[in-house]
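J.: what follows is a predicted protein model with its sequence.
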Amino acid sequence: MKLSIIVPIYKAEKYLNHCLKSIAQQGLSDYEVILVDDCSPDKSRDICQEWENKDHHFKTIHHSTNLGLSMARNSALEVANGEYITFIDSDDYIAPDTLSANLKALEGNQHIDILEYPILVNHGTKEAYQYQPGKHETVTYLEWIRAKGYLHSYACNKIFKRKLWDGIRFPQGKLFEDMFTIPSVMKRANLILRSDKGLYYYCNRKGSISKSVTPQGIADLLKANLNLFNELSENKDLTDNNLDDL
């Protein structure tokens, strides 16, 4: 199987159909969509069942208790069969053919382990902006760091070789779980392709964790950034001036 698409779901009934329709419009054939119902109290479970019934690419994991976003993604990682993995949040969506175009860009180059594609951040607000990773160039992990790619350490808007996730999982009970995890996965890549194809719509919803300022959120985000800085401080290819800039 070529691609596993992981969709964690909790209280998403307002947006879930739109998200899943966008996945079905990707022009793919060899893929699976792993829906993780994290004990959602709304009608998300019924929507998952409807998609399972009408499209064999969709399957659902049901949690008996709410375990959080990290564990929902981790549950899917345990059963994913694709050569590649990508993540889409249930209140977001992607432009048609985004995944097929980017998978085609990966063909013929086995040294590329991760592809990063454009993302519209805070979609639906006045603060919306588009992050354009690059113009179809390949970079190493350190080049990605020097270009401050870590400022956009999203699990979404990336396609990963599944093998990169061996031994790496999202941390349970942490906010800003992407910042704890994605740089570690990026570090394992031989090459990263910074694509200009397609678009991920990262929607700013009321109550979004990424927009909620809480003591735990501030502490977790600080810890995640300090973890990365400490790891980079041990890299002999980065000078003190590089670290100051980062």
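T.: That came through fine. Numbering: from 1, shown residues only.
J.: doesn't residue 144 belong to a helix?
T.: Yes - counting by DSSP: H, G, I helix; E, B strand; the rest coil, one finds residue 144 located in a helix.
J.: quick one, what contacts residue 16?
T.: Residue 16 is in contact with 9, 44, 47, 48, 90, 91, counting by C-beta atoms under 8 Å, 6 or more residues apart in numbering. Placement of C-beta: from N, CA and C, glycine included.
J.: weed out the non-buried ones from the residues you listed.
T.: For the contacts of residue 16, a burial check counting by 16 or more other C-beta atoms under 10 Å picks out 9, 44, 47, 48, 90, 91.
J.: low-confidence regions, this structure specifically.
T.: By pLDDT under 70, the weakly predicted segments of the chain are 206-212.
J.: secondary structure class of residue 53, three-state.
T.: helix.
J.: pull out the buried residues from the lengthiest helix in the chain.
T.: Criterion DSSP state H: the longest helix present in the chain is helix 215-233. Neighbour counts over helix 215-233 (16+ other C-beta under 10 Å) mark 217, 220, 221, 224, 225, 228, 232 as buried.
J.: just checking, what packs against that helix?
T.: helix 177-187, helix 240-245 (3 or more C-beta pairs under 8 Å, 6 or more residues apart in numbering; DSSP states H and E).
J.: among those helices, which is the most enclosed?
T.: helix 177-187 (a mean of 21; mean count of other C-beta atoms under 10 Å).
J.: only C-alpha atoms, please: export it in CSV.
T.: Provided in CSV are the C-alpha atoms of helix 177-187 (Å, rounded to 0.1, in the frame of the first residue of the first chain):
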residue,chain,number,x,y,z
GLU,A,177,2.6,17.6,20.7
ASP,A,178,3.8,18.3,17.2
MET,A,179,6.7,20.4,18.5
PHE,A,180,7.8,17.6,20.8
THR,A,181,7.7,15.1,17.9
ILE,A,182,8.1,16.3,14.4
PRO,A,183,11.7,17.7,14.6
SER,A,184,12.8,14.2,15.8
VAL,A,185,11.2,12.6,12.8
MET,A,186,12.6,15.2,10.4
LYS,A,187,16.1,14.5,11.8
